[in-house]
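[1] Need a 3D model of the sequence below.
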Amino acid sequence: MPVDPAALATWANGITVGRLMLSPLMFLVIPEHDRGAWVAFALWFALSMSDGIDGVIARRHGTTRSGAFLDPLADKVLVLGAMFTLVRYDVFPFLPVAVITARELVISVYRTVVGSRGVNMPASRMAKYKTLTQQLAVGFALLPWTARDVTWLWLWLLWAAVVLGLVSGVQYLTRSRAERPEQVHAM
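    You can find the predicted model right below:
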């Protein structure tokens, strides 16, 4: 059964709000060392999977304006919070996390501005790959099997997320500029 786009109380939004509410717990269970932890990895895995689950539910039953706002917010809170926690414990280097954060802030503000002008900017495929790569980088940094002995893997994923983030950011900027004249003529 399709949902009203103005609805707040939907299954997809419930999962997203749950992800937001559990994010602080996630940051608390991240260990203060570079050996990873099963509890942190299990919670990270569950919260990362819930991102895909709420997306499937939203596509099946219909998206909402509140979900379009809440889902990216939950993604950013979870991913950036975990990354900065890992920076705090000297697991992740600061520079790639700072670049990822700057990109997220710039694109979020830009999407808000062009959205207020009637230009729709749904998540691109490249941005979805970026989010997955970020989730994998954090996951492998938390997984005890890879946290200490396979650091090259999650460091490579972290820097790949930087590249994917910058490329997808440029795509957003160029795509919205190309769409703007069509939006104006349609009005």
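[2] Point to the residue nearest the middle of this structure.
    Centroid-nearest residue in the chain, with C-alpha atoms, centre = their mean: residue 75, separated by 3.4 Å.
[3] Now for that one: which residues touch it?
    Residue 75 makes contacts with 51, 131, as judged by C-beta atoms under 8 Å, 6 or more residues apart in numbering. Where C-beta positions appear, they are placed from N, C-alpha and C, glycine not excepted.
[4] Now it: which helix or strand?
    Taking DSSP states H and E as the definition, residue 75 sits inside helix 65-88.
[5] Check which residues of that helix are buried.
    Burial within helix 65-88, assessed by neighbour count using 16 or more other C-beta atoms under 10 Å, is assigned to 66-68, 70-72, 74-87.
[6] With stretch 150-158 instead?
    Across stretch 150-158, burial judged by 16+ other C-beta under 10 Å covers 154-155, 157-158.
[7] swap in stretch 86-100?
    86-87, 91-92, 96-97, 99-100.
[8] ok, and for stretch 157-173, which residues are buried?
    157-162, 164-165, 168-169, 172.
[9] ok, residues contacting the helix or strand hosting residue 96?
    In this assignment (DSSP H and E), residue 96 forms part of helix 94-116. Contact partners of helix 94-116, identified using C-beta under 8 Å, 6+ apart, comprise 72, 76, 80, 83-84, 86-87, 121, 134, 158-159, 161-162, 165-166, 169, 172-173, 176, 180.
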